[in-house]
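*Asks:* Sequence and computational prediction follow.
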Amino acid sequence: MEEKPKKKEFLSWVSCLALALVFALAVRFFVAEPITVVGDSMNPTYHDGDLLLGNKLFRHIGGIESGLIEKGDIVIIKIDGEPLLIKRLIATEGDTVSVSGGKLFLNGEALTEPYLGEAIAYEMEEIVIPEGHCFILGDNRNFSHDSHIFGPVPVSAVYASKKSK
């Protein structure tokens with residue numbers, strides 16, 4: 001008689017653990033993902049080895065257009081065959097971006113960027129962000145491989161986001 005309650009309790013534990021595993025995997029694949037910062041392109045905001053929790057939920061409810069990601073937020077970009085890029089969202093389709101005199105201009109207005117460690121040491125002619133694209137920059141602007149080098153990226157490449165600090 002003692003055998004049935006033990007078996008029932010064991011099956012109860014197994015079902016609880018299975019349910020917890022399914023829930024954890026669903027959260028991991030559809031809601032949030034831990035992401036490790038690799039490199040120094042986001043200094044001084046984030047440093048090599050920092051761990052971020054990226055929000056993936058926006059991808060399932062309308063992408064950048066959903067309003068969950070705003071200009072100035074951190075985005076994680078995933079391009080096939082490339083490592084994840086962690087950058088700051090600067091502009092979206094229709095915006096103009098330029099760099100002059102050590103300052104970043106968005107739609108003709110100089111941005112105040114307290115998260116930068118130093119002034120921008122390069123110039124960039126004004127560009128218009130095409131439909132379906134966004135413009136991303138690292139906070140360590142002078143040492144970041146980002147849109148000032150390779151241009152706007154498809155919005156579909158935005159893999160996850162993190163509200164800026």
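*Replies:* Here it is on my side, so go on.

*Asks:* where does this protein dip in pLDDT?
*Replies:* 1-3, 57-68, 162-165 (pLDDT under 70).

*Asks:* can you give me the helices in the chain?
*Replies:* 3-30, 147-150 (DSSP state H).

*Asks:* Am I right that Pro34 is in contact with Leu53?
*Replies:* Yes - if you go by Cβ atoms under 8 Å, Pro34 and Leu53 touch, sitting 5.9 Å apart. Placement of C-beta: from N, CA and C, glycine included.

*Asks:* could you redo the helices of the chain as TSV and give each row mean neighbour count and distance to Pro114?
*Replies:* Output for the helices of the chain, formatted as TSV (neighbours: other Cβ atoms under 10 Å; distance: least, Cβ to Cβ, whole Å):
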stretch	mean neighbour count	distance to Pro114
helix 3-30	10	33
helix 147-150	17	20
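
*Asks:* and the ones you listed as JSON lines, adding distance to Gly138?
*Replies:* Converted to JSON lines, those look like this (distance: least, Cβ to Cβ, whole Å):
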{"stretch": "helix 3-30", "distance to Gly138": "26"}
{"stretch": "helix 147-150", "distance to Gly138": "9"}
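
*Asks:* biggest strand in the protein by residues?
*Replies:* Ranked by residue count and defined by DSSP state E, the top strand of the chain is strand 85-92.

*Asks:* Return that one as CSV; C-alpha atoms alone will do.
*Replies:* Output of strand 85-92 as CSV, limited to C-alpha atoms (Å, rounded to 0.1, in the frame of the first residue of the first chain):
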residue,chain,number,x,y,z
LEU,A,85,26.1,43.4,-32.0
ILE,A,86,25.1,45.4,-28.9
LYS,A,87,24.6,49.1,-29.9
ARG,A,88,22.4,52.1,-29.2
LEU,A,89,19.4,52.8,-31.5
ILE,A,90,19.9,56.3,-32.9
ALA,A,91,17.5,56.6,-35.7
THR,A,92,14.7,54.9,-37.6
